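1. next input, structure requested:
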Amino acid sequence: MAIPTLSPEQLQAARAAATESRRARAALKNAVRDGSKTLADALDECAKDDVLAHIRVADLLKAVPRIGEKRAAEIMEKYDIAANRRVRGLGRHQVAGLKSEFN
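-> Got it, this is the predicted structure:
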């Protein structure tokens, strides 16, 4: 299966869409970081938005104040979440566990 060749206009549109997606995910992480959104709010928002659902769980956890690499890894291990898992790949029990952890 060959990769389709895109016209310059299609490439430009794809780049713009990717940039916009990254900005949306960064904005959500910043909102969690500055405390204007809780982790539960962020998880709910990710459930509704396909673009935001691509955030890695570890990155979202590390955006929570006072959670670093080590504590994020411990929390993910506690709820049996793979290190490379994205929010969209979480099961309902994992989401419920994460929400209760930060309530």
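2. CA only for contacts and neighbour counts going forward, please
-> OK.
3. next structured bit after the longest helix that the chain contains?
-> In terms of residue count, the longest helix belonging to the chain (DSSP state H) is helix 8-33. Remark: after helix 8-33, the chain's next helix or strand is helix 39-48, criterion DSSP states H and E.
4. packing partners of that following helix?
-> Helix 39-48 is packed against helix 8-33, helix 92-101, with contacts defined by 3 or more C-alpha pairs under 8 Å, 6 or more residues apart in numbering; DSSP states H and E.
5. give me the nearest residue to residue 24, chain neighbours excluded.
-> residue 52 (7.0 Å; C-alpha to C-alpha, 6 or more residues apart in numbering).
6. would you confirm that the one you found contacts residue 45?
-> Yes. Applying C-alpha atoms under 8 Å, one finds residue 52 in contact with residue 45, separated by 7.5 Å.
7. more neighbours, the two?
-> Counted by other C-alpha atoms under 10 Å, residue 52 and residue 45 do not tie: residue 52 has more neighbours, with 25 against 14.
8. in contact with the more buried one, which residues?
-> Going by C-alpha atoms under 8 Å, 6 or more residues apart in numbering, residue 52 touches 21, 24-25, 28, 45-46.
9. max pairwise distance over those: which two?
-> Distance extremes for these: the farthest pair is 21 and 45 at 14.2 Å, using C-alpha to C-alpha.
10. look up how far residue 1 lies from residue 81.
-> As judged by C-alpha to C-alpha, to the nearest Å, residue 81 and residue 1 stand 32 Å apart.
11. looking at the two, which one has more neighbours?
-> Legend: neighbour count by other C-alpha under 10 Å for residue 81 and residue 1, higher for residue 81 (19 against 3).
12. surely the more buried one is in a helix?
-> No. Residue 81 is assigned coil when assessed by DSSP: H, G, I helix; E, B strand; the rest coil, not a helix.
13. that one and residue 92 touch, don't they?
-> No. In this structure, residue 81 is not within contact of residue 92 by C-alpha under 8 Å, at 11.8 Å.
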